[in-house]
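In: Quick one, structure for this:
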Amino acid sequence: MLMAQTLYREADPRIWRSMAWWLALSGLLVAVTLGIVGAKVQQTRLAYQLGGLRTTARQLEELRYQLKVELAMLRSPQRIEAEARALGLVAPTRDQLRLAREYVAGGGGVAAAHVAHSGGWPGGVGAR
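Out: I've put the predicted structure just below:
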């Protein structure tokens, strides 16, 4: 009589190595693909952000130009004179003007020379 024999099959190590190699290659391919897709998504996001920043820069340049024009208009002597007249201001008369003495340490300078030469400012202003 024959005894029952159990067949035992030994795994071939080459198959496991081959399967591990293909699995590693597939994982690397998936990682590279995800990296490329992520880079494209980031590129698209940055492109939209750059477009928004360019639009903002154009708007700010336009606003800057408008403000320069407005500032030039506000500094206009004709506008200032018209505003002063509207407020009831008038130009001072000659007797309302007083010249201030120029202060230079040591008594030098144009005003000091004028005072020394002429004996003082008209009206007694600046006399020592």
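
In: tell me which element the most centrally placed residue in the chain is part of?
Out: The chain has residue 57 as the residue nearest its centroid, 9.4 Å off, counting by Cα atoms, centre = their mean. Remark: residue 57 resides in helix 13-74, with elements defined by DSSP states H and E.

In: Flag the shaky bits of this structure, pLDDT-wise.
Out: The model of the chain has pLDDT under 70 over residues 1-2, 102-128.

In: on that earlier part again, got a list of contacts for the next helix or strand after the helix holding residue 57?
Out: Next helix or strand after helix 13-74 toward the C-terminus (DSSP H and E): helix 77-86. The contact list for helix 77-86, computed with Cβ atoms under 8 Å, 6 or more residues apart in numbering, reads residue 73. Every residue, glycine included, has its C-beta placed from N, CA and C.

In: C-alpha coordinates for helix 77-86, PDB please?
Out: In PDB, the C-alpha atoms belonging to helix 77-86 read as follows (Å, rounded to 0.1, in the frame of the first residue of the first chain):
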ATOM      1  CA  PRO A  77      -2.100 129.100  -7.500                       C
ATOM      2  CA  GLN A  78      -5.200 130.100  -9.300                       C
ATOM      3  CA  ARG A  79      -7.300 127.600  -7.400                       C
ATOM      4  CA  ILE A  80      -5.700 128.600  -4.100                       C
ATOM      5  CA  GLU A  81      -6.400 132.300  -4.800                       C
ATOM      6  CA  ALA A  82     -10.000 131.500  -5.700                       C
ATOM      7  CA  GLU A  83     -10.500 129.500  -2.500                       C
ATOM      8  CA  ALA A  84      -9.000 132.400  -0.500                       C
ATOM      9  CA  ARG A  85     -11.300 134.900  -2.100                       C
ATOM     10  CA  ALA A  86     -14.300 132.600  -1.400                       C
END
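
In: start at 213 instead
Out: In the new count, where the first residue is 213, that last one comes out as helix 289-298.
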